[in-house]
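**Q** kindly generate the corresponding structure for this input.
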Amino acid sequence: MGVSALMTAVVSSRLPSNTWWVASWIAEAALAIAIGSWAMAQKAKAAKSALLDGPGRKFALSLCPAMIAGALLTVVLYRQHLFGLMPGIWLLLYGSSVVTSGAFSVKVVPIMGMCFMALGAVALFTPFEWANWFMAAGFGVLHIAFGIVIARRYGG
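**A** Below is the predicted model:
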């Protein structure tokens, strides 16, 4: 997920309009959801447990509300041409969903969520021209860095 976000940051920095910028990041979100879902299914299969039973179900249910709120806010922000708020709101809401769902995961996951939230808070007060840097730092670098920690310390 982190690598595809870094690639999206590069591509979206070269797009001719804000509409294409939003579209590229929405496409990245869809790709990230697909990658994350596949990875969770593989982990559940390896553990010989159902994906949406027990902790998996709790994880999904605690992840979804903030993600749905982010999708709805994206529509509102897009209609109002408030593109500069999107990176901060996306990072904040994704971070809050990771913090809450991390209660059903390893203890480093909520820390990752707090890092997303901190980055999102800063992004809210910066110019839109910095948007791709924040998106790359959050959805790219934070995912890669914490992914490495989780893989090494907790086996994925």
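
**Q** which strands or helices does the longest helix along the chain pack on?
**A** Secondary structure of the chain read by DSSP state H shows that its longest helix is helix 18-46. With contacts taken as 3 or more C-beta pairs under 8 Å, 6 or more residues apart in numbering; DSSP states H and E, helix 18-46 sits against helix 2-12, helix 55-79, helix 86-101. Backbone N, C-alpha and C define where each C-beta goes, glycine included.

**Q** what about the residue nearest to residue 144 when sequence neighbours are not counted, neighbour count?
**A** Excluding its sequence neighbours, the residue lying closest to residue 144 (C-beta to C-beta, 6 or more residues apart in numbering) is residue 2, at 3.7 Å. By other C-beta atoms under 10 Å, the residues close to residue 2 number 20.

**Q** show me what contacts residue 2?
**A** 139-144, 147 (C-beta atoms under 8 Å, 6 or more residues apart in numbering).

**Q** so which of the residues you listed are in strands?
**A** Among those, none falls in strands (DSSP state E).

**Q** neighbour-wise, which one of these leads?
**A** Highest count within the contacts of residue 2 by other C-beta under 10 Å belongs to residue 139, 27 neighbours.

**Q** wait, doesn't that residue sit right on residue 5?
**A** Yes. Contact criterion C-beta atoms under 8 Å: residue 139 and residue 5 qualify, at 3.7 Å.

**Q** mind listing what's buried in stretch 149-156?
**A** residue 150 (16 or more other C-beta atoms under 10 Å).

**Q** now stretch 58-76
**A** Quick answer for stretch 58-76 (16+ other C-beta under 10 Å): 58-59, 62-63, 66-67, 70, 73-74.

**Q** quick one: low-confidence residue ranges for the chain.
**A** 55, 156 (pLDDT under 70).

**Q** many thanks, we can stop here.
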